[in-house]
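J.: I would like the atomic coordinates for the input below:
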Amino acid sequence: MKNNDTRFSLITGYLVEFLRNEVEKTGLNHVVVGLSGGLDSAVVALLAKRAFNDKLLCVLMPSQYSSSGSVDDAQDLCKEFDLNNEIVSIEPLLKAYSIDSSENMRIGNFSARMRMSVLYDISARESALVLGTSNKSEIMLGYGTIFGDLASAINPLGDLYKTEVYELARYLGITGEIISKPPSADLYEGQSDETDLGYSYAKLDEVLKLYVEDRVNEQELADQGFEPELIKMLKKRIYQNQFKRKPPVIAKLTSRSVNHDFLYPRDINL
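T.: Modelled structure (predicted):
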């Protein structure tokens, strides 16, 4: 087995066990995943399939802004890997709350929140937990909708950069359109992650790993030849979007304030 295969074999085994353990702690044993036809949700679905088998439900939630290929790719994945699934269109929800079609950011954010609302409602119906699909690149850059696609009960991908998710996807056997098509949250017509961010994930991750993991400073990044505009953009996004990575800030008034002093993990019996 190649070194890279060995690495992703270990990662897969760890994440499958992580999912089983974290779900078991809640007293539940079913999970739901919003399956978009994109890379990240496909990887989470296959990890969850290994962990929970038929106790996984994938939910496809297209809208009038979705590309036809997204639903097709999601359905092909479900067929190939025998994933339980259902389709719930969010088009009626978007039409009920009309947003000007030129306001892409509002459409995108509202779509993401409607999908998560549907997913949490289905999780209540199924007595299940919602699994997150955001990767570390997105989380660090704040490239996601708070209480939308960034929401979840448990997230297996949050410490893997996007380029690593690609490698994990290949290891898991995901092929075809899901691997090859440009990354997109499919929030509005023609939307592209890398167009929005201005750089490829390969370039973004190269700098993010140095800045976040290795603590390389701005000057050292510049000395290595990275564009000043890229460095400035990444630093701004990381710090500007810190609020998306934290629970709501609670004003402290007592001696045992939630998220200040009351920090017991869920696996400690109170």
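
J.: Isn't Met116 up against Phe147?
T.: Yes - using CB atoms under 8 Å, Met116 makes contact with Phe147 at a distance of 6.7 Å. All C-beta atoms are positioned from the backbone trio N, CA, C, and that covers glycine.

J.: So those two - more neighbours on which side?
T.: Neighbour count, other CB atoms under 10 Å: between Met116 and Phe147, Met116 has more, with 21 against 12.

J.: helix/strand/coil for that one?
T.: Three-state call for Met116 (DSSP: H, G, I helix; E, B strand; the rest coil): helix.

J.: ok, it - contacts?
T.: Counting by CB atoms under 8 Å, 6 or more residues apart in numbering, Met116 makes contact with Gly34, Val130, Phe147, Gly148, Asp149, Ala151.

J.: got a list of contacts for whichever helix or strand Ile178 is part of?
T.: Using DSSP states H and E, Ile178 falls within helix 177-180. Helix 177-180 has contacts (CB under 8 Å, 6+ apart) with Gly37, Gly38, Leu39, Ala42, Gly69, Asp72, Asp73, Asp76, Leu77, Tyr166, Ala169, Arg170.

J.: who wins for most neighbours among those?
T.: Ala42 (27 neighbours).

J.: got the CA positions of the helix or strand encompassing that one in CSV?
T.: Ala42 is part of helix 39-52 when elements are defined by DSSP H and E. Extracted in CSV, the C-alpha atoms of helix 39-52 (Å, rounded to 0.1, in the frame of the first residue of the first chain):
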residue,chain,number,x,y,z
LEU,A,39,-17.3,16.5,-3.0
ASP,A,40,-17.6,17.2,0.8
SER,A,41,-21.1,15.8,1.3
ALA,A,42,-20.2,12.8,-0.8
VAL,A,43,-17.2,12.0,1.4
VAL,A,44,-19.3,12.5,4.6
ALA,A,45,-22.0,10.2,3.2
LEU,A,46,-19.5,7.4,2.5
LEU,A,47,-17.9,7.7,5.9
ALA,A,48,-21.4,7.6,7.5
LYS,A,49,-22.3,4.6,5.4
ARG,A,50,-19.3,2.7,6.9
ALA,A,51,-20.2,3.9,10.4
PHE,A,52,-24.0,3.4,10.4
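
J.: for that helix, packing partners?
T.: helix 3-25, strand 30-34, strand 56-60, helix 68-81, helix 162-172, helix 177-180 (3 or more CB pairs under 8 Å, 6 or more residues apart in numbering; DSSP states H and E).

J.: Name the spans of the protein whose pLDDT lies under the cut-off.
T.: Applying pLDDT under 70 to the chain picks out residues 1-2, 187-190, 263-270.

J.: and the residue nearest the centre of it, which of the three is it?
T.: Among the residues of the chain, the one closest to the centroid is Ser134, at 1.6 Å (CA atoms, centre = their mean). With three-state DSSP as the basis, Ser134 sits in coil.

J.: Tell me who's in contact with Gly34.
T.: Gly34 neighbours (CB under 8 Å, 6+ apart): Ser41, Cys58, Val59, Met61, Arg115, Met116, Leu119, Val130, Thr133, Asp149.

J.: Right, I'll call it a day here.
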